[in-house]
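J.: I'd like to go over a predicted model; first the sequence, then the structure.
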Amino acid sequence: MKHHLEYKDSKSRKFWQITKEKLSIIITFGKIGTEGKTQSKSFDTEEKAGTYYQKQLFKKVDTGYLSKDLQYEIKAFGELGIQDNLQSSIDPDEQCIVFKNNAVIPHSLLLDYNEKLLYNEERSIAGIYAEGDLIVEGSIYNAEMDFGPFLIVNGDLKVNSLLCGGSEMIIKGNLEAKYIAHKYNHGYIEVKRTTKAQLAVCEFWEGLKFANYTGYAFTAGYDEVETYSNNKQIDDETYSSSDLLKAGGNIMNFISAMYQDKPLLKENALTIQEKITKLLQKKLEKPDSVKRLSLENKGLKEIPKEIFQFKNLEELNINQNIISSLPAEIKGFSKLKRLFFSDNKFEVFPMVITEIETLESIEAEGNHFKHIPEEIGNLTNLRSLNLYRNALLHLPKILSSCSSLERINLRQQETGIWDIPKYDAFTPSNFLEILATLPNLKYFDVDWNPIIELPDSPFVSQNLQEISIKGTLIKNSSVKHPFVKIDTESSVKRITDKIKELSKFSETKDKELSAEFYAKKLTFAIEMAAHFFDTYDEIQSNFEEELSKYFENRTKSLSDSYHHLKSCLEEVQNLTKKYSKNELVQSIHSCVKDLYERESIFHEGYENIPLPELGSSKNYLYDVAQRYFKIRARHVEKFEKIEVRFFTLNAEIPSEIFNLTNVKHLSLKNCHITGIPEEISKLKNLEILDLEYNNIEDIPQSILELKHLKTLILNYNPISTIPDELRSIKSKIKL
């Protein structure tokens, strides 16, 4: 085995050759035209020698060395006539690698702009175009998530591993690879004909555009690996990811293994169906003797039909699967006492369960129930009911017919219904009212539910243990219920923290929620506070404090809160009608209204509304648009970095920004800007100008006056060429 590589640029011409002879590796290197120097290394096994060989070869390719025999041409992108194949716009003058006819690259290919991709000059090439078939005797790696040189293959592509991040990869023929991986959601791999691989892994399947895929498919972070044949999923050939994959979980685990050329698949793995068959095989030899059966965490979408042969089954555990319904046959288990189906995908409580009158224990936590059917009253033998982590607010009154019930868990997670309301409006829970009617109740848990009061009547059960209730809206203990202790501190902290968090419109972690849903969360928290607090000093002071700091926080977090504020104002205004005499609701409405009107300066032209006083911090970042620049221009000495994203700047950069002469980094992404004014030259200290995702068509010559400019980013703008007069800074411009 031998590879001879060469490196050529304007300063040097070098060669590097590696040879494997059984247990020895021989490396020769030096200037082209000389004999060079030779080094050798021996290994205990050929496997170790081969691993070392591949690592050294990869390192050299990584530094810009190429196969001596590689035949290609350098052409301008505009000469190729392939722009219609790509989604991104590329300058016609950009240089591309072109492989004529069929080509073989005898080593891996690093498809990133920061690599000296097949062409040893200052600038990377725009992409690779193969006119025929392309064979890569190694792998293709594009690790950069946001962009990368394109790859278009007119024929077939055969490669060991193919990793795509931000590149556009188009194969018009067939793709054959051992492993395929796609990271993030900017780039894509598109195959016009057939794709065959052992495994395809991705974070977002939109990035893998396969016409006909055959092989295993896995979405990083999920539990299942599916098998496809010509783009059709084979139902009986689904694997648990832990059974089949050596590298699991995060996409980076797969990428790391691919870089190291490690195997990703385990040998002799069984499908989920095969595992179930194997598990049940011995039990089916004597089905009448089976009383307990656990199918926990088996990746099941439905209950296997074979289990219905176990007529004497007393306990069935199907926890931690992806089952969403139970078949009618389950009521045939006439001796079933314990049924566990926690952490599945049930949206509705299975009605068929209410027909299994022998049931004594039900474990159903971590599903998505909103209601329990009236028929639950049929289960008169039920002693334990676990409904933890569901979306329940009410229990049917008929539950009192379950007179044997001793334990019931209705607890929510602390971050459950308090954070994301499952209903359109606040609705108090009736849990305690129903539990008070159960004659044999020994224990219950209703923590973190919107319960507003203890029952009027004492609990009928004489068997109740002492219970502490926390995270509810119950204000006080009651002499009627001496065994019930109310933890109000947890409720005070939870409500106060939640309103404080949601009042930080400019920086809250929940800003990824839609404005409408965000507003519902805020009003839900306010309504709970209105039920719980007698005085609102702490809530009010927190809210007003956030109001006073709003613009300072806003500039630090680079976020636009206008639509969230608008939706919150509408929702809180509706709340004022429901709670017309409530001090807290009325006061918060005034705060939100005031904040919204101030924020409207940047959106609706309210120039005469005063802004709060700005702080003295030198860490402010520009993050607003239009008139905000006018107001901020008076603080010219404070700003070295300005970032504005996703604002409409009326097609132009506001002239006020050119007074900020200390700015070094100006980023105006996705602001609908159509041109760069000549005044840009006033920003003498500017080093980075990022105008990505705008509508700019021309670059002014005044850019040349920015002597400190290091980078001009104009990706995703309709700029076709760089003017000749700007050739001197071409290497600084990214299109």
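T.: It's in. Since we're looking at a predicted model, the values are computed, not measured. Residues are numbered from 1 along each chain as shown.

J.: Ser108 touches Tyr141, doesn't it?
T.: Yes: taking contacts as CB atoms under 8 Å, Ser108 lies within contact range of Tyr141: 6.7 Å. Glycine gets a C-beta too; all of them are placed from N, C-alpha and C.

J.: Name the residue in these two with the higher neighbour count.
T.: Between Ser108 and Tyr141, counting by other CB atoms under 10 Å, Tyr141 is the more crowded of the two (26 against 22).

J.: list the contacts for the more buried one?
T.: Residues counted as contacts of Tyr141 (CB atoms under 8 Å, 6 or more residues apart in numbering) are Ser108, Leu109, Leu110, Leu111, Asp112, Ser161, Leu163, Met258, Tyr259.

J.: 6 Å instead, please
T.: Residues near Tyr141 by CB atoms under 6 Å, 6 or more residues apart in numbering: Leu110, Leu163.

J.: Tell me how far it lies from Leu162.
T.: 8 Å (CB to CB, to the nearest Å).

J.: Likewise for His708?
T.: Taken as CB to CB, the span from His708 to Leu162 is 41 Å.

J.: now Asn386
T.: On the measure of CB to CB, Asn386 and Leu162 end up 47 Å apart.

J.: Comparing those two, which residue is more hemmed in?
T.: Leu162 (29 against 20).

J.: Could you name the helices and strands sitting against the helix or strand harbouring the more buried one?
T.: Following DSSP states H and E, the helix or strand that holds Leu162 is strand 157-164. Using 3 or more CB pairs under 6 Å, 6 or more residues apart in numbering; DSSP states H and E, the elements in contact with strand 157-164 are strand 134-136, strand 140-141, strand 175-182.

J.: rank the ones you listed by mean pLDDT and give me the bottom one.
T.: The weakest mean pLDDT among the helices and strands packed on strand 157-164 belongs to strand 140-141, with a mean of 92.

J.: Skip ahead from that one and say which helix or strand is next.
T.: From strand 140-141, the next helix or strand downstream (DSSP H and E) is strand 150-153.

J.: How far off centre is that next one?
T.: Going by CA atoms, centre = their mean, to the nearest Å, the spacing between the C-alpha centre of strand 150-153 and its chain's C-alpha centre is 28 Å.

J.: How about stretch 467-476?
T.: The answer for stretch 467-476 is 36 Å, by CA atoms, centre = their mean.

J.: which residues sit against it?
T.: 447-453, 484-487, 490-491, 531-532.

J.: can you check stretch 369-376 too?
T.: Applying CB under 6 Å, 6+ apart, the external contacts of stretch 369-376 come out as Phe349, Met351, Thr354, Asn390, Ala391, Leu392, Pro396, Ile398, Leu399.

J.: so how far is the first residue of that stretch from its last?
T.: 14 Å (CA to CA, to the nearest Å).

J.: How many neighbouring residues does Leu473 have?
T.: 22.

J.: tell me the SS of it?
T.: Under the three-state scheme (DSSP: H, G, I helix; E, B strand; the rest coil), Leu473 adopts coil.

J.: How much space separates it from Pro450?
T.: Leu473 is 6 Å from Pro450, by CB to CB.

J.: Please apply the same query to Lys301.
T.: Lys301 sits 34 Å away from Pro450, going by CB to CB.

J.: okay, those two: which has more neighbours?
T.: Pro450 (23 against 15).

J.: Look up how far Thr354 lies from the more buried one.
T.: Distance from Pro450 to Thr354, by CB to CB: 26 Å.

J.: can you check Pro106 too?
T.: 68 Å.

J.: go on, Pro263?
T.: From Pro263 to Thr354 the distance is 50 Å (CB to CB).

J.: Which one of those two is surrounded by more residues?
T.: When Pro263 and Thr354 are compared for neighbours, Thr354 comes out ahead with 18 against 13, by other CB under 10 Å.

J.: Three-state assignment for the more buried one, please.
T.: Assignment for Thr354 (three-state DSSP): helix.

J.: pLDDT at it, what is it?
T.: With respect to pLDDT, Thr354 has a value of 98.

J.: most neighbours, which of the contacts of stretch 369-376?
T.: Asn390 (24 neighbours).

J.: in the stretch 351-500 of the chain, which spans are helices?
T.: 431-435, 488-502 (DSSP state H, counting those that start in this stretch).

J.: Any chance of CSV for the ones you listed, columns mean neighbour count and distance to Gln39?
T.: As requested, the helices of the stretch 351-500 of the chain are exported to CSV (neighbours: other CB atoms under 10 Å; distance: least, CB to CB, whole Å):
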stretch, mean neighbour count, distance to Gln39
helix 431-435, 21, 76
helix 488-502, 18, 61
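
J.: CSV for those helices, including distance to Pro718 and mean pLDDT?
T.: Below are these laid out as CSV (distance: least, CB to CB, whole Å; pLDDT from 0 to 100):
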stretch, distance to Pro718, mean pLDDT
helix 431-435, 60, 97
helix 488-502, 40, 87
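
J.: Present those helices as TSV; the columns should include distance to His564.
T.: Output for those, formatted as TSV (distance: least, CB to CB, whole Å):
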stretch	distance to His564
helix 431-435	33
helix 488-502	10
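
J.: pLDDT at the closest residue to Thr277 other than its chain neighbours, what is it?
T.: Closest residue to Thr277 apart from its sequence neighbours, by CB to CB, 6 or more residues apart in numbering: Glu306 at 7.8 Å. Listed pLDDT for Glu306 reads 94.

J.: any idea how far Glu306 lies from Lys232?
T.: For Glu306, the distance to Lys232 - CB to CB - is 26 Å.

J.: try Leu57
T.: To Lys232, Leu57 is 39 Å away according to CB to CB.

J.: ok, Gly248 touching Ser240?
T.: No: using CB atoms under 6 Å, Gly248 makes no contact with Ser240, being 10.1 Å away.

J.: So which helix or strand of the protein has the lowest pLDDT on average?
T.: Between all helices and strands in the chain, the lowest mean by mean pLDDT, DSSP states H and E belongs to helix 627-632, at a mean of 46.
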